[in-house]
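Visitor: I would like to see how this sequence folds:
(4 chains)
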2 protein chains.
Amino acid sequence: MEEGLRERKKRETRQRIADVAMGLFMTRGFDPVTVAEIARAADVSVNTVFNYFPTKEDLFADRQELVTDLPQQVVRGRRPGESVARAFRRDFLEALGSRHWRYGLNEGGDVFARIVNGSPSLVAKLRELHVARERALARALADELDADPDDLTPQVVATQILGTTRILTTHAVTRMLAGESWETIAPDLRAQATAAFDLLESGIGDYCVRPSVGEDGRQDAGPEPEDHEHGPED
Amino acid sequence: MEEGLRERKKRETRQRIADVAMGLFMTRGFDPVTVAEIARAADVSVNTVFNYFPTKEDLFADRQELVTDLPQQVVRGRRPGESVARAFRRDFLEALGSRHWRYGLNEGGDVFARIVNGSPSLVAKLRELHVARERALARALADELDADPDDLTPQVVATQILGTTRILTTHAVTRMLAGESWETIAPDLRAQATAAFDLLESGIGDYCVRPSVGEDGRQDAGPEPEDHEHGPED
DNA sequence: CCACAATTTTGGAGTCACTGCAAGTTCGAT
DNA sequence: ATCGAACTTGCAGTGACTCCAAAATTGTGG
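Guide: Just a heads-up that it's a prediction; the model follows:
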């Protein structure tokens, strides 16, 4: 059954609602646009909107949800002899070079970023999406090595990798929002990404070691840990 | 003037509202309790509640906000010759041993966890708190080494450390919620924490390497690869 | 003690996201 | 054409949250 009229209409109205909503969001931001307004512009009732999209935020993140299983493709696409960290390094630098959208370095991605930044609920939604990606990546890694469910290594690795890319992209986007041109950002970002992935691969074991006394001027006032004693009085 | 009558009353009503709210949350969960109900129970108007707490979620996270600057104390409290990673390892294992509340391994912490898990908005709030902690830790690290603002290393390190502890605690809490006793969880958690921090210190460079063709076993892509010349093919 | 100003509290009206329900309306198959 | 299923709609309602203007309370100076 190659799609009856009913299913086509469903797909069409859903798409129309999403498009109309995105159009309004792009011009006026997220919060100022009401769902009633979207419904009117899409020529449907408010209930129909909520019939397709459980929340207003989903109306924005609609197309972006496919990003969730993107990390898994990187895992599966890594080359012989290549570790996951290396694969992500390569993937990130590739995306940086081609300005592919998969890390939010899209041209015009700053418009999206501005909208998201302007709405706390959208920021929250984005974080939710991030943890979904994390979970998906962790699962993919666990599958790859068929680790038992009590091995937390896949989750830790997933968090570290996606945390790294997250830092890199948010930094780049911040500079974009500040009005910097991509040409000035790109080389810095490339260097920062290389450094970050180097750190990711080699570990932070010797990062920020407190100098021993008598060594190197910066012996830093000995801060007594003192009041570790207040909190929710249980 | 060390606190007039006005300021005392303000502090008192604020505390009363927070306490009453927490009491209701503990017995009935978060979402089912309405702000109007809290206001009635605290003998104030709804507007007064919102006068002290910007959102309903803040009513729950009130005391937990001081947790934000907890990681900085770990950084400042590390011993001579100790790296931040080691300091956090030590701090985490200490907290694990004493069941201190600072990593949510509190006795009875599962009650909180159950409430939070039951409400999407509280989960979101918790994530927000987590990124606040991350930012605070990154700032502390940057201060410690006075790195320039374009060095992303502090942020990456902060994300990795807190990401690791987050994984550990959420895993432990999940098992708590499943009804397991602390005595069965604790030893596993200790081993997992040791493994996780080992990984954190030594890096994930050789994690999950795709075996070369014609080879099947643990071909352990050693610290050999060394092609740091990532010429992206663009 | 009495104004007088500053601050806090309150009530009321209103917005908006979102839910539930009971009616239409449309579509697919018989 | 007809019937049942699925989709849409209107309506009424809840609950968080805001704005505003009127009390009520507190601090200060005469």
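Visitor: wait, residue A:22 sits on residue A:60?
Guide: Yes. With contacts counted by C-beta atoms under 8 Å, residue A:22 reaches residue A:60, the gap being 7.2 Å. All C-beta atoms are positioned from the backbone trio N, CA, C, and that covers glycine.
Visitor: Those two - which one has more neighbours?
Guide: residue A:60 (24 against 17; other C-beta atoms under 10 Å in any protein chain shown).
Visitor: How about the helix or strand harbouring the more buried one and chain B, touching?
Guide: According to DSSP states H and E, residue A:60 maps onto helix A:56-61. No. Residues of helix A:56-61 are not located near chain B by C-beta under 8 Å from any C-beta of the partner chain, the shortest gap being 10.5 Å.
Visitor: now check that helix, is it near DNA strand C?
Guide: Yes. Helix A:56-61 lies within reach of DNA strand C by C-beta under 7 Å from any atom of the strand, at A:56-57.
Visitor: what comes up buried for the very next helix or strand once past that helix?
Guide: Moving toward the C-terminus from helix A:56-61, the next helix or strand (DSSP H and E) is helix A:70-76. Across helix A:70-76, burial judged by 16 or more other C-beta atoms under 10 Å in any protein chain shown covers A:71-72, A:74-75.
Visitor: likewise stretch A:143-161?
Guide: For stretch A:143-161, a neighbour-count test (16+ other C-beta under 10 Å) marks A:144, A:147, A:152-161 as buried.
Visitor: near chain B, anything from it?
Guide: Yes. Using C-beta under 8 Å from any C-beta, we find that stretch A:143-161 touches chain B at A:144-145, A:150, A:152-153, A:155-157, A:159-161.
Visitor: One more: stretch A:116-129?
Guide: Yes. Shown here: stretch A:116-129 in contact with chain B (C-beta under 8 Å from any C-beta) through A:124, A:127-128.
Visitor: now swap in stretch A:75-86 and tell me
Guide: Yes. Using C-beta under 8 Å from any C-beta, we find that stretch A:75-86 touches chain B at A:75, A:78-86.
Visitor: Provide a ChimeraX selection command restricted to the buried entries of these.
Guide: Selecting only the buried entries of the residues of stretch A:75-86 next to chain B in ChimeraX, with 16+ other C-beta under 10 Å as the criterion:
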select /A:75,78,81,82,83,84,85,86
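Visitor: Tabulate the residues of stretch A:75-86 next to chain B (a markdown table), appending pLDDT and secondary structure.
Guide: Output for the residues of stretch A:75-86 next to chain B, formatted as a markdown table (pLDDT from 0 to 100; DSSP: H, G, I helix; E, B strand; the rest coil):
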| residue | pLDDT | secondary structure |
| --- | --- | --- |
| A:75 | 95 | helix |
| A:78 | 94 | coil |
| A:79 | 94 | coil |
| A:80 | 94 | coil |
| A:81 | 92 | coil |
| A:82 | 94 | coil |
| A:83 | 95 | coil |
| A:84 | 96 | helix |
| A:85 | 96 | helix |
| A:86 | 96 | helix |
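Visitor: Nearest to DNA strand C among the residues of stretch A:75-86 next to chain B?
Guide: Closest approach between the residues of stretch A:75-86 next to chain B and DNA strand C, by C-beta to the nearest atom of the strand: residue A:75, at 33.0 Å.
Visitor: wait, what's in contact with that closest one?
Guide: A:84, A:87, A:137, A:140-141, A:144, B:208 (C-beta atoms under 8 Å, 6 or more residues apart in numbering or on different chains).
Visitor: That one and residue B:212, how far apart?
Guide: As judged by C-beta to C-beta, to the nearest Å, residue A:75 and residue B:212 stand 17 Å apart.
Visitor: same check, this time on residue A:68
Guide: With C-beta to C-beta as the criterion, residue A:68 and residue B:212 are 30 Å apart.
Visitor: Give me the more crowded residue out of these two.
Guide: Neighbour count, other C-beta under 10 Å: between residue A:68 and residue B:212, residue A:68 has more, with 16 against 13.
Visitor: which residues touch residue A:72?
Guide: Under the criterion of C-beta under 8 Å, 6+ apart, the neighbours of residue A:72 are A:136-137, A:140.
Visitor: I'd like these laid out as a markdown table, including pLDDT and neighbour count.
Guide: A markdown table is the format used below for the contacts of residue A:72 (pLDDT from 0 to 100; neighbours: other C-beta atoms under 10 Å in any protein chain shown):
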| residue | pLDDT | neighbour count |
| --- | --- | --- |
| A:136 | 96 | 19 |
| A:137 | 97 | 26 |
| A:140 | 96 | 20 |
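Visitor: neighbours around residue A:177, how many?
Guide: Residue A:177 has 13 nearby residues by other C-beta under 10 Å.
Visitor: For chain A, just list every one of the helices.
Guide: A:5-28, A:35-42, A:46-52, A:56-61, A:70-76, A:84-98, A:109-117, A:120-144, A:153-177, A:182-202 (DSSP state H).
Visitor: For the second one, what is the distance to the chain centroid?
Guide: The chain centroid and the centroid of helix A:35-42 are separated by 29 Å, computed with C-alpha atoms, centre = their mean, to the nearest Å.
Visitor: Now that helix: buried residues?
Guide: Applying 16+ other C-beta under 10 Å to helix A:35-42 flags A:38-39, A:42 as buried.
Visitor: which residues touch that helix?
Guide: Residues contacting helix A:35-42 (C-beta under 8 Å, 6+ apart): A:13, A:16-17, A:20-21, A:24, A:45-46, A:48-50, A:56, A:59.
Visitor: anything in that helix near DNA strand C?
Guide: Yes. With C-beta under 7 Å from any atom of the strand as the criterion, DNA strand C is reached by helix A:35-42 at A:35-36.
Visitor: Can you tell me which of the contacts of residue A:75 is nearest residue A:4?
Guide: residue A:140 (35.6 Å; C-beta to C-beta).
Visitor: Can you name the residues of chain A that neighbour DNA strand D?
Guide: With the criterion set to C-beta under 7 Å from any atom of the strand, chain A comes near DNA strand D through A:6, A:9-10, A:13, A:43-48, A:51-52.
Visitor: Quick one: low-confidence residue ranges for chain A.
Guide: Low-confidence segments of chain A (pLDDT under 70): A:1-2, A:65, A:213-234.
Visitor: Enumerate the residues of it near DNA strand C.
Guide: Contact residues (C-beta under 7 Å from any atom of the strand) of chain A with DNA strand C: A:1, A:4-7, A:9, A:33-36, A:46-47, A:50, A:54-57.
Visitor: Against residue A:205, how distant is residue A:145?
Guide: 23 Å.
Visitor: can you check residue A:105 too?
Guide: 30 Å.
Visitor: which of those two has more neighbours?
Guide: Neighbour tally, residue A:105 and residue A:205, criterion other C-beta under 10 Å: the higher count belongs to residue A:105, 24 against 16.
Visitor: residue contacts, the more buried one?
Guide: Applying C-beta under 8 Å, 6+ apart, the residues near residue A:105 are A:95-96, A:99, A:169, A:172-173.
Visitor: Kindly recompute the last result at 10 Å.
Guide: Taking C-beta atoms under 10 Å, 6 or more residues apart in numbering or on different chains as the criterion, residue A:105 is in contact with A:92, A:95-99, A:168-169, A:172-173, A:176, A:182, A:185-186, A:189.
Visitor: Touching, residue A:158 and residue B:163? I think so.
Guide: Yes. At 9.1 Å, residue A:158 and residue B:163 qualify as touching, with contact defined as C-beta atoms under 10 Å.
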